[in-house]
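In: quick one, what's the 3D model for this:
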Amino acid sequence: MNLAQRLLLGSALVIAALVTAIVLLAGGRLQARLTQDTIAELRRSAQLVGSQWSPGRDADSVADAAGRALGERVTLIGSDGVVRGDSRFDGTELRALENHARREEVMSARATGWGSSTRESASAHDEERYVAVQHPLGFVRVSISTAALHETIAGAQRDVVVAGIIAMLGALLVAWAFSRTVSRPVIELRDVARALAAGELSRRPSLSAPGEVGDLATALHRMSEQLGSRLAALEDQQGLMSAMVDALNEGVVAVDAQRRVFRTNESARRLLSLPAPLPFSADLLPQERPIREALARAMHGDSTEGSEVVLDGRVFVVAARTLREGGAVLAFLDVTAQRRLEIVRRDFVANVSHELKTPLTVIRGFAETLTDPELPVAERTAFAASMLSNAQRMQRVVDDLLDLSRYESGAWQPARAALDLRALANESLSGSRIAADARGVTLTLDLAPDATTLDADWTAVRQMLSNLVENAVRYTRAGSVTIFSVREAGGTRFGVRDTGVGIGAEHLSRVFERFYRVDAARSREEGGTGLGLAIVRHLADAHGGTVSAESTLGEGTTISVWLPQG
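Out: Predicted coordinates:
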């Protein structure tokens, strides 16, 4: 289908849609307006008939006279719903009419003074619009058949359709002439554009026309002149980009949609020992799992962040990005030196902690001696008690540092076994019972029946629960601390919730960092080391689990651990 035919067909569809919309809109609005006017007229007629109905006058005679005058059906209904008169029925037929007390329009009139409804008449067997008004003697109802209303609307819609068809024929004629005028120059411009796309940069449009088509021809002429210079600039830029990529210390490997390596830099060849000729199959790349997974995800459109892999004793961070045209780019960053520095740092913390533990134990021994009540100097006793308290706190820090260093180093692996979570929870609560009673804190359990067993390391879970309970009691006064558990998809979530002071939203993302305190002064005053939650996080990580924190200031905090089911 050429351009002229598409323009003609598009114009016909638009005009047809407009005519249809006008018919539907006009019909709907006309029907609503006529319905409103009809109801108002019937209401006025009912009020007029009501002025003629008075005590002592025959209701049926009044209804007959009003029906003849109005040309509509008039019904006079008593307060009890019995029909007293009807312009359409007399005698036996009138008395046979059923009670009208439950008619919708009568019920509305009884409640608000007047009412309206539309339904098929049980006695006249056609659809009618009813309007009833309240009267001292009962109700006056006037009705009219809706057939005339529907006929009026249908006639108006037919008139609009005929006018629309005439307008559509005229518009199609104009559209046909316009499409013929527009299509010829557009076809020529199309041919020139195709030639330029095929590489014939010398092709130029011969058209010289006014208006937008002429402007398009001029723009196409300029575009063909600029393409040559821009292609040369792109070639220069590509050469510069290639030089920059080759100069990177980070290895870069590009794989196309057919899993063929079509581009590498010198760093990638040196770091990964890649074969020289390109292209070659991606199967010749190192087949360690992180590399295979990163490449597979990127080939399916999911870019990945850095994941570590060890190749020939060196540590690399592998990241993958999806190419727009299909394929992927793998980047290899050598982080061996950084990882070695991290190991040195962890070893330093462990060594310093071990060196400090012995003198701290000695200080504690002297402090216990100085607190002997037989010593005469009270000040020395107070000083010795302070030494003891600080020594104990420093020893807790050292112990936590040792645990944290062990967990971070990866040397510790959980010894998984089936555990009774209820027993561990009771043990953790017992360890904090004295501190909780001193603060007026209630310790409770809320374990789901299907979440009372874990496949985890017994010592690790006990340490996690103890740290969480101690933290909760430390920051709760006259409230409650609860150990809970629930079964979730693929594992079990357990933790501690309290009604304590809460944690601000700006701190929640950092509470699991080492030595991070929301309120440093208060934490030290309460005896916290700032390492408990960090230990919980590392223990959960070692089990392949996760930790999370939820809190509201002044209402409490919930710290939970999710561990996968073994």
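In: now the helices for the stretch 101-250 of the chain?
Out: When assigned using DSSP state H, counting those that start in this stretch, the helices of the stretch 101-250 of the chain occupy the ranges 104-112, 147-197, 211-247.
In: would CSV of those with mean pLDDT, mean neighbour count and distance to residue 531 be doable?
Out: (Each C-beta comes from the backbone N, C-alpha and C, glycine too.) Shown next, in CSV, are the helices of the stretch 101-250 of the chain (pLDDT from 0 to 100; neighbours: other C-beta atoms under 10 Å; distance: least, C-beta to C-beta, whole Å):
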stretch, mean pLDDT, mean neighbour count, distance to residue 531
helix 104-112, 91, 17, 74
helix 147-197, 73, 14, 66
helix 211-247, 68, 12, 44
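In: quick one: which of those is nearest residue 315?
Out: helix 211-247 (22.5 Å; C-beta to C-beta).
In: now the element after the closest one, going C-ward?
Out: strand 251-255 (DSSP states H and E).
In: with just CA atoms, put that following strand into CSV.
Out: What follows is strand 251-255, C-alpha atoms only, in CSV (Å, rounded to 0.1, in the frame of the first residue of the first chain):
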residue,chain,number,x,y,z
GLY,A,251,40.7,-6.5,31.2
VAL,A,252,37.8,-6.0,28.7
VAL,A,253,36.3,-8.8,26.6
ALA,A,254,33.4,-8.2,24.2
VAL,A,255,31.2,-11.2,23.2
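In: which one of the helices of the stretch 101-250 of the chain lies nearest to residue 504?
Out: helix 211-247 (45.2 Å).
In: where in the stretch 401-550 of the chain is pLDDT low?
Out: 515-530 (pLDDT under 70).
In: now do the strands in it.
Out: According to DSSP state E, counting those that start in this stretch, the stretch 401-550 of the chain carries its strands in the segments 416-420, 442-447, 453-457, 480-488, 491-498, 546-552.
In: for those, which one ends up most surrounded?
Out: strand 491-498 (a mean of 22; mean count of other C-beta atoms under 10 Å).
In: tell me the angle that strand makes with strand 453-457.
Out: On the basis of axes from the mean of the first three to the mean of the last three C-alpha atoms, to 10 degrees, strand 491-498 is oriented at 90 degrees to strand 453-457.
In: quick one on the thing from earlier: make a markdown table from the helices of the stretch 101-250 of the chain and add distance to residue 484 to it.
Out: Shown next, in a markdown table, are the helices of the stretch 101-250 of the chain (distance: least, C-beta to C-beta, whole Å):
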| stretch | distance to residue 484 |
| --- | --- |
| helix 104-112 | 56 |
| helix 147-197 | 67 |
| helix 211-247 | 54 |
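In: of the ones you listed, which is nearest residue 12?
Out: helix 147-197 (5.8 Å).
In: chain center to that closest one: distance?
Out: From the chain centre to the centre of helix 147-197 is a distance of 44 Å (C-alpha atoms, centre = their mean, to the nearest Å).
In: quick check: bridge partners of residue 263?
Out: Note on residue 263: beta-bridge partners by DSSP bridges are residue 254.
In: for residue 48, give me its contacts.
Out: Shown in contact with residue 48 (C-beta atoms under 8 Å, 6 or more residues apart in numbering): residue 66.
In: and the angle from the host helix or strand of it to helix 147-197?
Out: Element membership of residue 48, judged by DSSP H and E, is helix 3-52. Put simply, helix 3-52 runs at 160 degrees to helix 147-197, going by the same axes, to 10 degrees.
In: now do the buried residues in the helix or strand following helix 3-52.
Out: Going down the chain from helix 3-52, the next helix or strand is helix 59-70, by DSSP H and E. Of the residues in helix 59-70, 59-60, 62-67, 70 count as buried by neighbour count, 16 or more other C-beta atoms under 10 Å.
In: tell me which residues are up against helix 59-70.
Out: By C-beta under 8 Å, 6+ apart, the list of residues contacting helix 59-70 reads 45, 48-49, 52-53, 73-76, 84-88, 90, 94, 137, 142.
In: out of the strands of the stretch 401-550 of the chain, the one nearest residue 295 is which?
Out: Across these, closest to residue 295 is strand 546-552 (C-beta to C-beta), at 26.4 Å.
In: paired strands for the closest one, with orientation please.
Out: The pairing partners recorded for strand 546-552 under DSSP bridges are strand 556-564 (antiparallel).
In: so the partner strand versus strand 480-488, what angle?
Out: Using the same axes, to 10 degrees: strand 556-564 against strand 480-488 is 30 degrees.
In: going forward, begin numbering at 18 instead of 1
Out: That works, and once the first residue is 18, the last one we named lands at strand 573-581.
In: residues of strand 573-581 that come out buried?
Out: Applying 16+ other C-beta under 10 Å to strand 573-581 flags 573-580 as buried.
In: same check, this time on stretch 106-114
Out: Neighbour-count burial for stretch 106-114, counted by 16+ other C-beta under 10 Å, picks out 106, 111, 114.
In: hang on, the earlier thing: inside strands: which ones of the contacts of helix 76-87?
Out: Within these, residues falling in strands by DSSP state E are 90-93, 101-103, 159.
In: for those, which one is nearest residue 238?
Out: residue 159 (78.2 Å).
In: show me the contacts for that closest one.
Out: If a contact means C-beta under 8 Å, 6+ apart, then residue 159 has 59-60, 62-63, 66, 87, 89-92, 147-149 as its contacts.
In: same deal with residue 337?
Out: With C-beta under 8 Å, 6+ apart, residue 337 has these contacts: 311-312, 314-315, 320-321, 345-348.
In: and it, bridged to which residues?
Out: When bridges are called by DSSP bridges, residue 337 pairs up with residue 321, residue 347.
In: tell me the pLDDT of it.
Out: Looking at residue 337, its pLDDT reads 85.
In: ok, back up a step: got a markdown table for the buried residues of strand 573-581, with pLDDT too?
Out: Shown next, in a markdown table, are the buried residues of strand 573-581 (pLDDT from 0 to 100):
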| residue | pLDDT |
| --- | --- |
| 573 | 92 |
| 574 | 93 |
| 575 | 94 |
| 576 | 93 |
| 577 | 94 |
| 578 | 94 |
| 579 | 94 |
| 580 | 93 |
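In: turn those residues into TSV, including distance to residue 459.
Out: TSV is the format used below for these (distance: C-beta to C-beta, whole Å):
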residue	distance to residue 459
573	13
574	16
575	16
576	18
577	20
578	22
579	26
580	27
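In: nearest to residue 232, of the residues you listed?
Out: Comparing the buried residues of strand 573-581 against residue 232 with C-beta to C-beta places residue 579 closest, at 63.9 Å.
In: rewinding a little: ok, and the most crowded of the ones in strands among the contacts of helix 76-87?
Out: Within the ones in strands among the contacts of helix 76-87, most neighbours by other C-beta atoms under 10 Å means residue 92, with 30 neighbours.
In: quick one: contacts for that residue?
Out: Neighbour list for residue 92: 80, 100, 102-104, 117, 157-160 [criterion: C-beta under 8 Å, 6+ apart].
In: make it 7 Å
Out: 80, 100, 103, 158 (C-beta atoms under 7 Å, 6 or more residues apart in numbering).
In: just the pLDDT for residue 220.
Out: With respect to pLDDT, residue 220 has a value of 68.
In: dump the ones in strands among the contacts of helix 76-87 into a markdown table; add pLDDT and distance to residue 457 as well.
Out: Output for the ones in strands among the contacts of helix 76-87, formatted as a markdown table (pLDDT from 0 to 100; distance: C-beta to C-beta, whole Å):
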| residue | pLDDT | distance to residue 457 |
| --- | --- | --- |
| 90 | 88 | 83 |
| 91 | 90 | 83 |
| 92 | 90 | 79 |
| 93 | 91 | 81 |
| 101 | 89 | 81 |
| 102 | 90 | 84 |
| 103 | 89 | 83 |
| 159 | 92 | 79 |
